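Trainee: could you work out the structure for the sequence below:
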Amino acid sequence: MHKMAELLGLRDECGEGTSGAPALAGSCLADNRLNLDVYPDGCCRFLQLFKEQRGEVVQVEFLRLSSNDCLLDTTLGSLPHLKHLKSLVLKGGHARDEFGSYQHGSLTSLPPDFGNLRCLTHLDLSFNRLSTLPSCILHLPSLRVLLVSHNSLMTLPEDFGCLSKLTFFSAMKNQLKALPQSIGELSMLQDLDLSENALELLPEEVGNLHNCKELDLSGNRLSSIPDSLANLKALRRLHLHSNLLVTVPASLASLPNLSRLDLQNNCLRAIPAEIQALPFVHVRGNPLGETEPSPQPDKSGTRRLQRLFLASGEGSFTVTSEGCRVVLACGIHFYFPPGAASDPLRIYFRSLTPDPQWVKLRHHDVLLSRVLELQPHGVQFQQEVQIWMPYISPQTPHQHEVVVRTFSGQSWSDLRTRVKRKRKSKKCVAHCCVLHFSWFLVVSRLVQDECRVPAEGTLLFSSVDPNIKVIFPPGVTKEPRSVKLQVLPVSAEEMQEITANAGCRASPLLYLSQDSTVDFLKPVRIQLPLPPGVTGLNLDRSRLHVLHGDLEGQTWNDITSEVVLEFTHLYAVFEVTHFSWYWLWYTTKTYIGGIARKVYERLRLYQVNFIALQRKKDPEQVLLQCVPKHKVDPVLKKLQDRYRGPEPSDMVEMFEGEQFFAAFERGISIDMDRPDCVDGRLSFIFYSHLKNMKEIYVTSPVDRKGQAVKGQVSFYRGAVPDSIPEDASRRRKGPDSLWLATLPIKLPQLKPRWDENPSPLHGFSFPPLNLGNAETGYLTQANLLSIARRVGADWQSIGLSLGLTYQQIERIGYNNREDLNKQILDMLFSWAQQNSEDPDCVSKLITAMKESGRQDIADEVEAIIELGRQKYSESIRRVGLEQESSTEDSAIAM
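Mentor: Numbering: from 1, shown residues only. The predicted structure is shown next:
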């Protein structure tokens, strides 16, 4: 295996090669495991190993590969030779498309001899393109865990029940419409997840899954469930939310071990009294108490629609032809009128972080929300669906308006939008109507006035400044065309501040656009107000200039000599044949273009400050934020109770949607494996009305036991947006011009963490632990130590599956950075102490091991628990407390 590591280039990365467990913490190879899904060329590395070290590779028991790899098909042919393979992960989702969505892998089938893997117990094919389940899977005699979620499966094989040893099966988020009757033959199945499919009916044989503990049927099209579900005596959790259920059998109340029954967001008008009496039943989002609709309409002519309230963890809901109202946890509302969907339709939604690579803002736009993605894309509704999106109230003057912007897959367009401020919460919402779903966001743009110009001509004036008019004479066009007008006022104070010249004045900026590429047949007359303080009586014509700017505002030409200027007491009038930016200046300067470009650039910039604060109770937790200048004091006042730190940085200027980075320096560092870390620096995108904030754990390679570390964080400009003027981009080139600001960070002297009652257990000392309960079995401190010896390099993924935060994982890794065993122990016992009072914590540990691909450890934990149950039953018998009822006895055995 050492030669394998050398081939993978791991010796240099780990420093110590593969001679010890700590050196393997960051590698892809650990003992009999190959974790190659973290490499973009993982399949290439595997094929190289298989060719040069075949004798060692075929001994591998655990293998992870990305199905987004272009060499996957070539690699599949080699896998059947790994006769000792116990766990195989071929997942997609390791790459993202241009919209930030996870890309499914390329896997569509498996080779026929794949069924020769007689030792395989765990197989994960999630996030792929399977339309049918490969038949070779049915020939895996030892298979216990099978995951095929996020594929395109329409059906399961009729003989699916031949997988007699299967204990865990997940087919979440496929297109299953029915289940084979043989599914009832999976007698050892304990966890079955069929959520977010298209199931309309369940076979009665589902009631034969006597060992099933958790059954998830949420997000389907079930209108009823079979009475045979009452036979699932081992069932603890039953998820039926977001279906079309109109009734549920009362016999479900008799399930002896049931601890959660989720019936939310269905069509239940009545629920059996036996079920209503259960303390763990959830029924929100049902039309309870409502009678069936009467043939005669009520006074309003309409009937009350079903209302769905979705929790924060849910990502989909079902719409029927009856329509419904939907409220998401983030505050977004939907209204689907009756008849909007002719057939039941599953709607998926998610909130995305805006990425400037595809969220293209126009000049003077302000982003007010995250991106809302609604799927399926492009599906045409029969009637308009209404959407209410909350947004951050913009601090922009009256010349701006709020609109919902949508992306068609190729370009962005603005929807007709109404805005409203809620009375109680005072929150703002933007309302729009759509016939299809895609991506949506809320922006503030310059007020846009538009009209349709016919051959007869027309008049268009600005609603921001009615003195600005555009006159289209008769014969100006042959075919009608649409024209849009936007205005940006520029005050005399702004001009003076930017130009440092009190005698420099300018009219409002005028932007004209049209939907035709052909110039007008006749000149179009434009009326602009004269700059402030200038009238037709005191006008010096030699100082008045008409400027024309290109679409990006990067080039401004003086066209005064090219147009015929007419003056009144208050206005200047001139004629043009094509549209773009127009600006009227009054100045003694002779060359205006460069000054106008500078002013236009500054009008788009925001003055901001950077803050870097440390938690008072935990100085290693650092909050970084880029704050507009006028918000700095309120933000600091809000944070002062929990954080301390230096004064904000000096003021700098940034464009909306501009990228910048934070780099920790002078003995301060961060986890380089963070997804938002680029070349050792944290990546940010500045949006003036979003938070632009990150809170992270920092570390120090310096030994802090003897002294504090005085470091710093510096902010640097990143990629310059395409729309930034050329001069601004040129000024930002060079090693020093990218620097923005630097703030100090101080890490105090490190105190020993476990300095009381030292223990021989790797320097750790923990209080006695008994996880679980007597009836279901305990996990003790000794059990956790035994488990820890087998975890290895998977400790981070296991910790995340257990619910630890990314920051906690970072900190554990740093505090014990020289010892893998301490990292594992710290992770396990930190989780155990946090969850020692949770009666389900042992089952959560087993689930986390399965989700992390460690079926071997999950089996060990289950064996420990089973032994504990047996000992408990024997102790009950010894003291003469054996249960008389066979039903109760079997419940204890569970």
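Trainee: now do the strands in the stretch 51-200 of the chain.
Mentor: Counting by DSSP state E, counting those that start in this stretch, the stretch 51-200 of the chain has strands at residues 62-66, 87-91, 122-124, 145-147, 168-170, 191-193.
Trainee: what would the ones you listed look like in CSV with distance to Arg405, mean pLDDT and mean neighbour count?
Mentor: For the C-beta atoms, the positions are set from N, CA and C on the backbone; glycine is no exception. CSV is the format used below for those (distance: least, C-beta to C-beta, whole Å; pLDDT from 0 to 100; neighbours: other C-beta atoms under 10 Å):
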stretch, distance to Arg405, mean pLDDT, mean neighbour count
strand 62-66, 34, 86, 24
strand 87-91, 34, 90, 22
strand 122-124, 38, 92, 22
strand 145-147, 37, 94, 22
strand 168-170, 37, 94, 22
strand 191-193, 36, 93, 21
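Trainee: of all the ones you listed, which one comes closest to Thr568?
Mentor: Thr568 lies closest, by C-beta to C-beta, to one member of those: strand 62-66, at 70.0 Å.
Trainee: and the strands of the stretch 51-200 of the chain: which comes nearest Glu314?
Mentor: For these, proximity to Glu314 was assessed by C-beta to C-beta; strand 191-193 is nearest, at 14.7 Å.
Trainee: how far out from the middle of the chain is that closest one?
Mentor: 25 Å (C-alpha atoms, centre = their mean, to the nearest Å).
Trainee: residue ranges with poor pLDDT in the stretch 51-200 of the chain?
Mentor: 96-102 (pLDDT under 70).
Trainee: ok, back up a step: out of the strands of the stretch 51-200 of the chain, which comes closest to Leu215?
Mentor: The nearest among the strands of the stretch 51-200 of the chain, by C-beta to C-beta, is strand 191-193 at 5.2 Å.
Trainee: C-terminal to the closest one, what's the next element?
Mentor: strand 214-216 (DSSP states H and E).
Trainee: report the distance from that next one to the chain centre.
Mentor: Centroid separation between strand 214-216 and its chain, computed with C-alpha atoms, centre = their mean, is 25 Å.
Trainee: give me the neighbour count for Trp577.
Mentor: Careful, residue 577 is Thr; it's not Trp. 11 (other C-beta atoms under 10 Å).
Trainee: contact partners for it?
Mentor: The contact partners of Thr577, by C-beta atoms under 8 Å, 6 or more residues apart in numbering, come to 519-520, 522-524.
Trainee: now, of the residues you listed, which are buried?
Mentor: 520, 523-524 (16 or more other C-beta atoms under 10 Å).
Trainee: can you lay out these as TSV showing secondary structure?
Mentor: Formatted as TSV, these follow (DSSP: H, G, I helix; E, B strand; the rest coil):
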residue	secondary structure
Phe520	coil
Pro523	coil
Val524	strand
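Trainee: let me know the closest of these to Cys451.
Mentor: The nearest member of those to Cys451, counting by C-beta to C-beta, is Val524 at 12.4 Å.
Trainee: can you list the domain ranges for the chain.
Mentor: 29-282, 306-446, 449-590, 606-720+738-747, 770-877 (the TED database).
Trainee: quick one: closest of the ones you listed to Tyr600.
Mentor: Taking C-beta to C-beta, domain 449-590 is the member of the domains of the chain nearest to Tyr600, at 4.8 Å.
Trainee: in what helix or strand does Asp449 lie?
Mentor: strand 448-453.
Trainee: cool, His548 as well?
Mentor: In this assignment (DSSP H and E), His548 forms part of strand 544-549.
Trainee: quick one: contacts of that strand?
Mentor: Contacts for strand 544-549 (C-beta under 8 Å, 6+ apart): 534, 555-560, 563, 565, 572, 574, 576, 580-587, 592-593, 596, 600.
Trainee: ends of stretch 169-189, what's the gap?
Mentor: End-to-end distance of stretch 169-189 (C-alpha to C-alpha, to the nearest Å): 8 Å.
Trainee: surely Ala662 and Leu682 touch.
Mentor: Yes: using C-beta atoms under 8 Å, Ala662 makes contact with Leu682 at a distance of 4.4 Å.
Trainee: among the two, which residue is more densely surrounded?
Mentor: Neighbour count, other C-beta under 10 Å: between Ala662 and Leu682, Ala662 has more, with 23 against 19.
Trainee: what's the following helix or strand after the helix or strand harbouring the more buried one?
Mentor: Per DSSP H and E, Ala662 falls inside strand 658-665. Downstream of strand 658-665, the next assigned helix or strand under DSSP H and E is strand 677-678.
Trainee: that following strand: partners in the sheet, and parallel or antiparallel?
Mentor: strand 681-686 (antiparallel) (DSSP bridges).
Trainee: rounded mean pLDDT for the strand it pairs with, please.
Mentor: For strand 681-686, mean pLDDT is 89.
Trainee: now do that strand: distance to the chain's middle.
Mentor: 17 Å.
Trainee: tell me which residues in stretch 567-578 are buried?
Mentor: Buried positions in stretch 567-578, judged by neighbour count with 16+ other C-beta under 10 Å: 571-576.
Trainee: of these, closest to Leu76?
Mentor: Val576 (64.1 Å).
Trainee: do I have it right that that closest one meets Tyr582?
Mentor: Yes: with contact defined as C-beta under 8 Å, Val576 and Tyr582 form a contacting pair (7.4 Å).
Trainee: and the helices in the stretch 401-550 of the chain?
Mentor: 492-499 (DSSP state H, counting those that start in this stretch).
Trainee: before we move on, back to that, so which of the domains of the chain comes closest to Leu288?
Mentor: When these are ranked by proximity to Leu288 (C-beta to C-beta), domain 29-282 comes first, at 6.4 Å.
Trainee: what sits closest to Asn208 if chain neighbours are left out?
Mentor: Counting by C-beta to C-beta, 6 or more residues apart in numbering, Gly184 is the residue found nearest to Asn208 once chain neighbours are left out, at 3.5 Å.
Trainee: now the strand holding Ala662 against strand 681-686, angle please.
Mentor: Here the directions of strand 658-665 and strand 681-686 differ by 150 degrees (axes from the mean of the first three to the mean of the last three C-alpha atoms, to 10 degrees).
Trainee: buried ones in strand 658-665, by neighbour count?
Mentor: For strand 658-665, by 16+ other C-beta under 10 Å, it's 658-664.
Trainee: can you list the strands of the stretch 51-200 of the chain in a markdown table and add distance to Gly792?
Mentor: Converted to a markdown table, the strands of the stretch 51-200 of the chain look like this (distance: least, C-beta to C-beta, whole Å):
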| stretch | distance to Gly792 |
| --- | --- |
| strand 62-66 | 10 |
| strand 87-91 | 13 |
| strand 122-124 | 16 |
| strand 145-147 | 19 |
| strand 168-170 | 22 |
| strand 191-193 | 25 |
